[in-house]
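In: From the sequence below, what's the structure:
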Amino acid sequence: MAPQPPNVQRSRLSWLRALPQLGWPISRTMPWGTLLAGCLAGTVYLAIFAHVAKNSGWLVGQGNVRLAFLPAVAAMSFVVRVPFRPLTQAVPVPSWVTPAGHLLLAAPILAATCWAQLCIMTQSIPAQTVGHPPAVYPLLAQLTGWCAVAIAAAACVARSRYADLGGAIGAPVSFAVITLASFAPITSRILVEPAATADTVTIAWYAIAAAALALTCAAMRDQWQRYSRDVRSLPRDRV
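Out: Numbers count the residues shown, from 1 in each chain. Prediction:
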């Protein structure tokens, strides 16, 4: 009887060789329709509102941009969903590669959406407006925090037995968290009240985004230890 092969520790970098071949499958499983619909819905709404506001003498402010960005935030809850999760968890590649790839593909589209909405807001402000417009970087920090919260909520749901409902549950949960963070008596003093400085708001929302990112990384990790066997180490009569 041939001797049993020794246990071989799996190399932590062995799955990197499969990354170049995962680009096409990851792009095919990406929910492009949901993401583009959410980004375009808010942008079209803001463009229509800016046109109406221009004829009515109104101003498009950062509050309108926040409202227009909510559909994109809801769409991000569906980005981390992995179709055929039981199958992908059985392959040697870590389970977080697919949702991480989805997030990398969604980041440029999300950035372009934010840029377009900020351009619409800027173009709607009359040139003869007295004083400087409010700073934009606190708004960017807030939108980043919103997206991070939505992604973290969806990733936590995907970790549970209701993985197929990650986006459907993650979107309302993230909206509830956003509402609580914006209008709670304690956090509203820091995040939304005029007395709060722009730097304070920026730091607070980026701290929320960092905490949500850490929670997302913890939720997307493998649910079990993966093992692989090096074929080259097997005896010749077993190959």
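
In: Could you give the number of residues near Val93?
Out: For Val93, the number of neighbouring residues by other CB atoms under 10 Å comes to 18. Yep, even glycine has a C-beta here, placed from its N, CA and C like the rest.

In: what about the residue lying closest to Trp146 once chain neighbours are set aside, distance to Ala152?
Out: Nearest-residue entry for Trp146: Val73, 4.8 Å, with adjacent residues in sequence omitted and distances by CB to CB, 6 or more residues apart in numbering. Counting by CB to CB, to the nearest Å, the gap from Val73 to Ala152 is 12 Å.

In: quick one on the thing from earlier: I'd guessed the residue nearest to Trp146 sits against Cys147; true?
Out: Yes: using CB atoms under 8 Å as the test, Val73 is close enough to Cys147 to be in contact (5.7 Å).

In: phi, psi of Arg81?
Out: Recorded main-chain torsions at Arg81 are phi -70, psi 140, according to degrees, to the nearest 10.

In: So for it, what's the pLDDT?
Out: Predicted confidence (pLDDT) for Arg81: 78.

In: where does the protein have low pLDDT?
Out: Scanning the chain for pLDDT under 70 picks out 1-20, 84-92, 126-134, 181-196, 223-239.

In: Go ahead and flag the most central residue of it.
Out: Residue closest to the mean C-alpha point of the chain, counted by CA atoms, centre = their mean, is Ile151 at 4.5 Å.

In: What helix or strand is that one located in?
Out: If you go by DSSP states H and E, Ile151 is part of helix 137-159.

In: buried residues in that helix?
Out: Using 16 or more other CB atoms under 10 Å as the burial criterion, the residues of helix 137-159 that qualify are 138-158.

In: Which strands or helices does it pack on?
Out: helix 62-76, helix 97-124, helix 166-183, helix 198-219 (3 or more CB pairs under 8 Å, 6 or more residues apart in numbering; DSSP states H and E).

In: Among those helices, show me which one is buried the most.
Out: Stretch with highest mean neighbour count among the helices and strands packed on helix 137-159: helix 62-76 (a mean of 21; mean count of other CB atoms under 10 Å).

In: just the angle between it and helix 137-159, please?
Out: Per axes from the mean of the first three to the mean of the last three CA atoms, to 10 degrees, the angle that helix 62-76 makes with helix 137-159 is 20 degrees.

In: If anything else comes up later, I'll come back, but that's it for now.
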